[in-house]
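K.L.:
can you look at this prediction? I've put the sequence above it.
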Amino acid sequence: MVTVEGTVEEIIFQNESNGYTVAILETSDDVVTIVGIIPILNIGETLKIEGEWERHPNYGQQLKVETYSMVVPATLNGIVKYLSSGMIPGIGPKTAEKIVEKFGKDSLDILQYNPHKLKVIEGIGEKKAEKVAEAFHEQRELRDVMIFLQSYGISANYGIKIYKKYGDETIKKVKENPYRLTEDVFGIGFKMADKIAQNMGINFNSKYRVNAGIKYVLMDFSSSGHTYVPKEQLIKKAEELLELKKEAVEDGLSNLALKHDIKLENIDGEICVYYMPFFYAETSVSQKILELSNAEVNGIDIETEIEVKELEKENNIEFAKKQKQAIMEAINTGVLIITGGPGTGKTTTINSIIKILEKKDLEISLAAPTGRAAKRMSEATGKEAKTIHRMLEYSFIDDENGMDFGKGDGEPLDTDVVIIDEVSMVDILLMNSLLKAIQPGTRLILVGDVDQLPSVGPGNVLRDIIDSKMIKVVMLDEIFRQAKESMIVVNAHRINKGKLPKLNVKDKDFFFMERRNGTDITKTVLSLCKERLPNFNDYDPLKDMQVLTPMKKGETGVIALNKKLQETLNPKESFKNERENGDDIFRVGDKVMQIKNNYKTKWKSIETNEEGEGVFNGDFGYITDIDNEESEITVLFDDIKSVVYPFNQTDELRLAYATTIHKSQGSEFPVVIIPINWGPPMLLTRNLLYTAVTRAKELVVLVGMQKYLNMMVRNNRITKRYSGLNKRLINVLEFFDK
């Protein structure tokens with residue numbers, strides 16, 4: 001075993017996901033190439049390494065790292081390199097030189113013990129000094145944690161996520177129960193946690209292991225939209241996962257039921273298993289929505305027919321019979337669902353309801369599940385619409401409770417009417433939180449297209465409520481004359497009825513371009529975005545067009561298309577800063593999407609300087625700056641909200657030149673381009689195509705193979721969701737009727 005000590009002069013390669021590193025180490029009398037697992041390594045750091053020499057056929061002699069430790073840099077030059085490596089946001093090369101020039105070899109001690117002294121450095125105020133000190137302390141702490149986690153086979157990428165969750169309690173919590181990682185850390189599944197646990201010597205039959213395996217199977221089902229799982233299906237999956245006998249899984253189910261972590265319930269003669277939060281939510285939603293529906297609403301003196309006629313005259317329109325019915329029901333009913341496809345007048349109906357109710361001085365609150373859907377609602381109504389989370393004042397409560405809703409049972413919404421758009425996107429947990437915040441007597445109007453894809457989260461809320469026939473529903477089904485002129489609207493309804501769309505009608509807005517294979521499809525999509533559509537109608541490739549595809553993988557999937565579209569629409573330039581982000585490269589000018597809800601992320605309006613919190617799954621934005629000095633990426637959302645992401649938070653972003661159809665729910669784009677290629681039958685479905693087409697306002701272009709388009713239209717396969725809300729609504733009403 002050889003021992004060397006030196007300063008990291010260059011990092012040739014570093015895999016952020018597993019920490020594998022190739023670097024140049026300068027010792028007192030030599031320059032050494034080192035290779036091995038060294039997560040969180042920065043230029044300028046001093047390492048003490050033990051390892052073995054090996055000769056690479058192409059790169060010559062290298063030192064393969066077995067163990068290593070960090071040594072405080074001993075020279076002024078070493079300290080400058082260490083501080084300017086990017087490890088501390090806010091300190092780049094210039095600032096590092098100023099610090100070392102002022103404090104010399106005491107610089108690192110100043111950062112650790114007396115950071116307030118940094119204020120004497122030009123450009124460092126009190127806030128920045130605090131930020132720098134916090135980052136420096138976190139790096140030191142993170143280093144110890146990473147070495148601990150690495151010893152149990154945890155990669156650098158996941159090690160950072162674990163540390164971000166548990167902070168200085170990381171080692172203690174992971175030692176206590178590594179299976180908690182499956183619930184607490186995004187991206188860590190049971191198999192990874194199980195491998196860690198086995199490395200720690202935890203018993204294969206441990207109750208922690210069995211319980212975690214069962215919960216993992218339940219959550220895996222919930223990720224496909226289910227709120228419960230038939231018991232025998234659950235046991236079979238858990239047996240395969242745990243590699244244990246049925247008796248061990250059944251014992252685990254009994255233990256979890258006794259702890260009230262799960263609920264066993266007989267549904268249609270079959271024992272089924274609920275993860276308790278979904279059981280509570282489903283039970284609560286069924287009770288609360290019936291309570292709101294049956295409660296007396298505040299009577300208002302309105303001659304509805306006269307008001308409707310006045311609106312028709314005022315707007316030079318004639319309401320359809322179902323629209324008039326919806327307006328009547330909204331005035332007299334506690335809970336109303338308005339559903340219908342594109343062009344059937346949902347927006348006109350809602351605007352009419354708002355005008356009539358506002359005449360009587362009723363307070364009306366508008367909301368939608370996502371930021372983009374809320375923005376569309378605001379544009380359509382001329383009124384402020386919020387996300388449901390913002391309306392319910394979702395925020396950080398305290399360290400013990402974390403994030404929670406400010407509005408609920410104890411503090412309901414102070415409003416007379418609540419109107420929610422895009423309800424097909426609302427899952428059972430969010431619907432439960434919404435209903436808990438609404439007082440009996442408040443009018444609740446739920447608007448959505450039941451034929452679109454259901455929510456990404458668990459439950460089939462809109463469909464279940466409609467199918468139960470327990471709540472008043474108005475289904476708008478007449479397509480208005482003006483809407484009939486749009487082939488987007490006409491074809492959306494044709495697709496929904498299982499009919500092939502009318503293609504390439506002259507001077508219309510719906511086109512199909514036949515291509516033979518994935519390569520040709522991709523070339524055409526790139527050409528449409530870069531040249532043909534901008535030349536056709538001056539469409540902006542980034543802001544006006546969206547490529548929507550059924551799949552993540554494959555030649556015409558999201559991952560491959562994003563790389564090609566980035567190369568085409570925002571190529572590498574010397575003046576554009578870049579940042580590697582896993583398999584992606586982020587570049588100034590890129591179109592990106594937030595892929596998880598983050599209610600604590602701060603934003604600032606570039607127009608009004610208003611500040612707020614919250615960036616949500618599915619929000620689109622554009623990278624306006626990549627600051628390698630500060631280790632930050634700035635993204636502009638909704639053209640006004642500027643968000644600064646530290647480099648260690650950019651795993652929440654993905655390139656979004658192309659996105660999946662599921663991720664496009666609640667959004668609307670002037671132009672939608674849809675690759676039509678081979679894919680699994682479970683993805684090439686009618687309602688997926690219908691959802692994609694209805695995202696377009698002005699133009700739809702399908703690019704691909706006719707046979708797969710035909711397949712999608714014919715394939716009315718709707719994946720069954722295990723959801724009990726429908727039956728629960730019926731049972732609750734029967735219970736109260738007894």
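P.N.:
Here it is on my side, so go on.
K.L.:
I'd say Glu363 and Ile419 touch.
P.N.:
No - counting by CB atoms under 8 Å, Glu363 sits too far from Ile419 to count as a contact (11.7 Å). C-beta here means a position set from N, CA and C on the backbone, and glycine is covered the same way.
K.L.:
and the two? Which one has more around it.
P.N.:
Ile419 (25 against 13; other CB atoms under 10 Å).
K.L.:
give me phi/psi at that one?
P.N.:
Per-residue torsions, Ile419: phi -120, psi 120 (degrees, to the nearest 10).
K.L.:
which of the three states applies to the residue nearest to it when sequence neighbours are not counted?
P.N.:
Residue nearest to Ile419 in three dimensions, not counting chain neighbours: Ile445, with 4.6 Å by CB to CB, 6 or more residues apart in numbering. Three-state assignment for Ile445 (DSSP: H, G, I helix; E, B strand; the rest coil): strand.
K.L.:
do Asn617 as well
P.N.:
What three-state DSSP gives for Asn617 is coil.
K.L.:
from Gly724, how far off is the residue nearest to Leu729 when sequence neighbours are not counted?
P.N.:
Closest residue to Leu729 in three dimensions, ignoring its sequence neighbours and counting by CB to CB, 6+ apart: Ser468, at 4.0 Å. From Ser468 over to Gly724 the distance is 11 Å, taken as CB to CB, to the nearest Å.
K.L.:
with neighbour numbers in mind, choose between the two.
P.N.:
Just comparing Ser468 and Gly724: by other CB under 10 Å the higher neighbour count belongs to Gly724, 24 against 21.
K.L.:
which residues touch the more buried one?
P.N.:
Applying CB atoms under 8 Å, 6 or more residues apart in numbering, one finds that Gly724 lies in contact with 227-228, 265, 267, 272, 282.
K.L.:
kindly recompute the last result at 10 Å.
P.N.:
Listed by CB atoms under 10 Å, 6 or more residues apart in numbering, the contact set of Gly724 reads 227-228, 265, 267-268, 272, 274, 278-279, 282-283, 286, 428, 459-460, 464, 731.
K.L.:
would you agree Met475 falls within a strand?
P.N.:
Yes - counting by three-state DSSP, Met475 falls inside a strand.
K.L.:
identify the contacts common to Glu363 and Ile419.
P.N.:
Residues touching both Glu363 and Ile419 (CB under 10 Å, 6+ apart) are Leu357.
K.L.:
name the residues contacting each of Ser468 and Gly724.
P.N.:
With CB under 10 Å, 6+ apart, Ser468 and Gly724 have common neighbours 286, 731.
K.L.:
show me where the stretch 551-700 of the chain has its strands.
P.N.:
Secondary structure of the stretch 551-700 of the chain by DSSP state E, counting those that start in this stretch: the strands cover 578-581, 584-587, 591-594, 598-605, 611-615, 620-627, 632-637, 641-646, 653-655, 658-660, 669-676, 696-704.
K.L.:
report the buried residues of the first one.
P.N.:
Looking back up the chat, that one is strand 578-581. When burial is assessed from 16 or more other CB atoms under 10 Å, strand 578-581 yields the following buried residues: 579, 581.
K.L.:
now do stretch 158-173
P.N.:
Neighbour-count burial for stretch 158-173 [16+ other CB under 10 Å]: 158-166, 170, 173.
K.L.:
now, the most widely separated pair of those residues?
P.N.:
Farthest apart among these by CB to CB are Ile160 and Lys173. That separation is 15.4 Å.
K.L.:
wait, Val615 sits on Arg372?
P.N.:
No - proximity of Val615 to Arg372 does not meet the contact threshold set by CB atoms under 10 Å, at 11.8 Å.
K.L.:
pull up the overlap in contacts between those two.
P.N.:
With contacts defined as CB under 10 Å, 6+ apart, the residues shared by Val615 and Arg372 are Phe637.
K.L.:
next, count neighbours for the residue nearest to Ile419.
P.N.:
Ile445: 25 surrounding residues under other CB under 10 Å.
K.L.:
quick one: residues contacting it.
P.N.:
Counted by CB under 10 Å, 6+ apart, Ile445 has contacts 326, 329-330, 333, 335-338, 349-350, 353-354, 357, 364, 366, 417-421, 423.
K.L.:
any stretches of the stretch 301-450 of the chain with poor pLDDT?
P.N.:
Applying pLDDT under 70 to the stretch 301-450 of the chain picks out residues 396-402.
K.L.:
and with 80 instead?
P.N.:
Counting by pLDDT under 80, the stretch 301-450 of the chain contains low-confidence ranges at 301-302, 395-403.
K.L.:
okay, helices next: where are they in it?
P.N.:
Secondary structure of the stretch 301-450 of the chain (DSSP state H, counting those that start in this stretch): helices located at 304-315, 321-332, 346-359, 371-381, 388-391, 428-436.
K.L.:
so for Asp404, which of those sits nearest?
P.N.:
Once the helices of the stretch 301-450 of the chain are compared by CB to CB, helix 428-436 is nearest, at 9.2 Å.
K.L.:
in the closest one, which residues are buried?
P.N.:
For helix 428-436, the neighbour count (16+ other CB under 10 Å) marks 428-436 as buried.
K.L.:
what's it packed up against?
P.N.:
helix 276-294, helix 388-391, strand 402-405, strand 417-420, strand 443-448, helix 461-468 (3 or more CB pairs under 10 Å, 6 or more residues apart in numbering; DSSP states H and E).
K.L.:
run the angle between that helix and strand 443-448 for me.
P.N.:
160 degrees (axes from the mean of the first three to the mean of the last three CA atoms, to 10 degrees).
K.L.:
quick check: Asn15 touching Ile37?
P.N.:
Yes - if you go by CB under 10 Å, Asn15 and Ile37 touch, sitting 9.2 Å apart.
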